[in-house]
Structures are given as C-alpha cells and as structure tokens.
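Undergrad: Okay, here's the prediction I keep looking at, along with the sequence it came from:
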Amino acid sequence: DTAVSQTPKYLVTQMGNDKSIKCEQNLGHDTMYWYKQDSKKFLKIMFSYNNKELIINETVPNRFSPKSPDKAHLNLHINSLELGDSAVYFCASSLVGTSADTQYFGPGTRLTVL
Amino acid sequence: DAKTTQPPSMDCAEGRAANLPCNHSTISGNEYVYWYRQIHSQGPQYIIHGLKNNETNEMASLIITEDRKSSTLILPHATLRDTAVYYCIVAGNTGKLIFGQGTTLQVKP
C-alpha cells in the first residue's frame, strides 16, 4: 500500500487552463503539505494543513488554492495556469506537524504548461 | 528557521562509508536536524533525524557535534543505489522543511 499517493503522475496542459492535483495519505496523519520543485531543482513548501485547517501559506499566487475535504486528502487546484507553473509538485504528510515530526513524501506530479 | 550549508557534490567508492557534512551554525535549541535524500526525480525520502544525541537506524548514522553547529550523515556501506541528492535540513517549530541545494553524492563502482 502506498503511504502518500498523488494523481496524476504527469499533467500536460495549455496556458490559461484550470487543473487539480490530488493527494491522499493512508498513514492516519493529521498534517499534509504541498511542495513545489522547479526546473532548478529547488524544493519549496507552499502550504500545510493540519486536520483540514490551513497552517502554512507561503508566498504563493492566489491562483493556487489547496482544498482539504478531510484530513486524509489535500488537493491542489490551480487556476489560469502559466508557463512558470511548470514544475514537479510533491505532497507530504506528517503525524502532527511539529519539528520532531517526520514528513513522508508522495511520488510527485510533473506539471507541464504549454 | 536555521539555514544549512552543504558541499555541492561528493564521490564515494562502492562499499565504503560515505560521510556527508552539514553546517548549521544558527540552529536553535529546539530545532531538529533532518536528513532526506532524493533519488533522480522521486519524492524525497526520509533518512534520519536528531536533536542533540547521535542517532542510528537501518539506513544511516547521524553524528551531531556537541555545540550542535554541524552534523555528519554516515552511510556505512554505500551502494550504487545510494547515488542521490542528500539534503540536510533544520526544522523549526512549524514543522516547515526548508530545502537547500543539498549534496549530490555519486557512488562509483
């Protein structure tokens, strides 16, 4: 069983479209995260949710909207996609979200905006 | 959140120990040192973490200096499958992980 799963694995779309990436964890964790890894390979946190409540919201355009229907799911919706949104997006989860807490990452979703 | 400094790249012979250094001179007392690695474009994989004491698990050992300003990740018997980018991260109270450039470890036969 995959602990943190993401769908789709690959996503190719046109500029201006709206798309969603889904994430699910079966670890029973309370906290989930979205990270972005750009073409230069830098991994940056975007958001974190604890038990469906937004905890971390880094400087991310408001075209990006995370949605947590329950604590096992954290989806990322992106409106009006731009070329610069092309990246690999990783979902992660941890038990409670403190510094003593290990984060487990999903396999990533490679988004390509044409 | 404290920043970390790692060498950009290192080589290691297969079967030998790989020692990856990390400096985190501004670490605070309640911040943990984490090590993750990323193999090719897969999701980052947790390796080990520690606060003050040295730690060991089935993957690696973590040696933290007494002043906590630096640490070393040790892979005791590196294999070709350990070739990856290794990230040393200091995690603050928010649990936010700030990834740097990491060290690209190349294990050679």
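TA: Now that the structure is in, tell me what you want to look at. If you're wondering where the values come from, they're calculated on a predicted model, not measured in any experiment.
Undergrad: got the contact list for A:S86?
TA: The neighbourhood of A:S86, defined by CB atoms under 8 Å, 6 or more residues apart in numbering or on different chains, consists of A:S39, A:L111, A:T112, A:V113. Just so you know, the C-beta spots here come from the backbone N, C-alpha and C atoms, and that holds for glycine as well.
Undergrad: quick one: low-confidence ranges for chain A?
TA: A:1-2 (pLDDT under 70).
Undergrad: Please pick out the residue of it most distant from its centre.
TA: A:A100 (21.2 Å; CA atoms, centre = their mean).
Undergrad: Please name the nearest non-neighbouring residue to it.
TA: Nearest non-adjacent residue to A:A100, counting by CB to CB, 6 or more residues apart in numbering or on different chains: B:Y32, 5.9 Å away.
Undergrad: circling back to that earlier point, show me the contacts of A:S86 that map onto helices.
TA: Of the contacts of A:S86, none are assigned to helices by DSSP state H.
Undergrad: out of these, who's nearest chain B?
TA: The nearest member of those to chain B, counting by CB to the nearest CB, is A:S39 at 11.4 Å.
Undergrad: In this structure that closest one contacts A:A87, no?
TA: Yes: between A:S39 and A:A87 there is a contact under CB atoms under 8 Å: 7.2 Å.
Undergrad: how close does A:D18 get to chain B?
TA: 25 Å (CB to the nearest CB, to the nearest Å).
Undergrad: what's near enough to touch that residue?
TA: A:H77, A:I78, A:N79, A:S80, A:L81.
Undergrad: Could you pick out the buried ones from the contacts of A:S86?
TA: A:L111, A:V113 (16 or more other CB atoms under 10 Å in any protein chain shown).
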